[in-house]
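[1] pasting the sequence and the predicted coordinates here, then a few questions.
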Amino acid sequence: QQQVKQSPQSLIVQKGGISIINCAYENTAFDYFPWYQQFPGKGPALLIAIRPDVSEKKEGRFTISFNKSAKQFSLHIMDSQPGDSATYFCAATTLYNFNKFYFGSGTKLNVKP
Amino acid sequence: NAGVTQTPKFRVLKTGQSMTLLCAQDMNHEYMYWYRQDPGMGLRLIHYSVGEGTTAKGEVPDGYNVSRLKKQNFLLGLESAAPSQTSVYFCASRTSGTNYEQYFGPGTRLTVT
């Protein structure tokens, strides 16, 4: 049973558009939610992360929105660029056992020029 | 500063053969992890280590063994490879304390025929 469910599997967005990727979880003990970006042939790299004491975190064109009551969080990429084309993974863990990260299944984003 | 490196990059095994994947990090990180990445499944934790000489099971440990004899190295062993172990394997490391960012290696693509 997957602890973190991610959608969509793939996403095509025009350059300049907004990309939105959603994740949902069941375990209310999760309290740290990172997003990772992975380019082909490379390992994932941390993009941005949020804790549930805030509803939104923004870093440049990347924003995480967090809805604790709905147990959902999402990644918004504003002004999407072809260089953003990659696979994105959400993840979750508990800070009292932060060695076990549970990853979503990934979203392959393609930004068309 | 090479970060996290993995050896080998690619490997093809026959069912029943054994092999060891090597992960090395030069960031003096305490924690190290082995994940496998399968299409539609995201990353799943196999084993992890919180320090030299210690290891623990993750989400999918069956069929794998690990060792952490030196702080900078984390080895993943397959004693008797099975086709179900065909996957891309990623190693990651992170420092102790409140920085939860994991640094990933470039991956090892393993095919078991």
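    Ah, there it is.
[2] number of residues surrounding B:Ser96?
    Look at B:Ser96: counted by other C-beta atoms under 10 Å in any protein chain shown, it has 10 neighbours. Yep, even glycine has a C-beta here, placed from its N, CA and C like the rest.
[3] could you find the closest non-adjacent residue to it?
    B:Glu30 (4.3 Å; C-beta to C-beta, 6 or more residues apart in numbering or on different chains).
[4] wait, isn't A:Glu26 in contact with A:Gln2?
    No: if you go by C-beta atoms under 8 Å, A:Glu26 and A:Gln2 don't touch, sitting 9.6 Å apart.
[5] dump the residue contacts of B:Cys87.
    Actually, residue B:87 is Ser. It isn't Cys. B:Arg36, B:Gln37, B:Asp38, B:Leu110 (C-beta atoms under 8 Å, 6 or more residues apart in numbering or on different chains).
[6] if we go to 6 Å?
    B:Arg36, B:Asp38 (C-beta atoms under 6 Å, 6 or more residues apart in numbering or on different chains).
[7] which residues does whichever residue of chain B sits closest to chain A contact?
    Nearest residue of chain B to chain A (C-beta to the nearest C-beta) works out as B:Phe104 at 3.1 Å. B:Phe104 makes contact with A:Gly43, A:Pro44, B:Phe90, B:Ala92, according to C-beta under 6 Å, 6+ apart.
[8] and the nearest residue to it once chain neighbours are set aside, how far is that from A:Asn27?
    Once flanking residues are discounted, B:Phe104 sits nearest to A:Gly43: 3.1 Å by C-beta to C-beta, 6+ apart. With distances taken as C-beta to C-beta, to the nearest Å, A:Gly43 is found 25 Å from A:Asn27.
[9] got any ranges where chain A has weak pLDDT?
    Within chain A, the segments meeting pLDDT under 70 span A:97-98.
[10] what about the residue in it that chain B sits nearest to, is that helix, strand or coil?
    The minimum distance from chain A to chain B, using C-beta to the nearest C-beta, falls at A:Gly43 (3.1 Å). Recorded secondary structure, A:Gly43: coil (DSSP: H, G, I helix; E, B strand; the rest coil).
[11] give me the phi and psi for it.
    Phi and psi for A:Gly43, reported as degrees, to the nearest 10, are phi -80, psi 160.
[12] between A:Gly43 and A:Asn27, tell me which one has more neighbours.
    Neighbour comparison, A:Gly43 and A:Asn27: the larger count goes to A:Gly43, with 23 against 13 (by other C-beta under 10 Å).
[13] contacting residues around the more buried one?
    The contact partners of A:Gly43, by C-beta under 6 Å, 6+ apart, come to B:Phe90, B:Phe104, B:Gly105, B:Pro106, B:Gly107.
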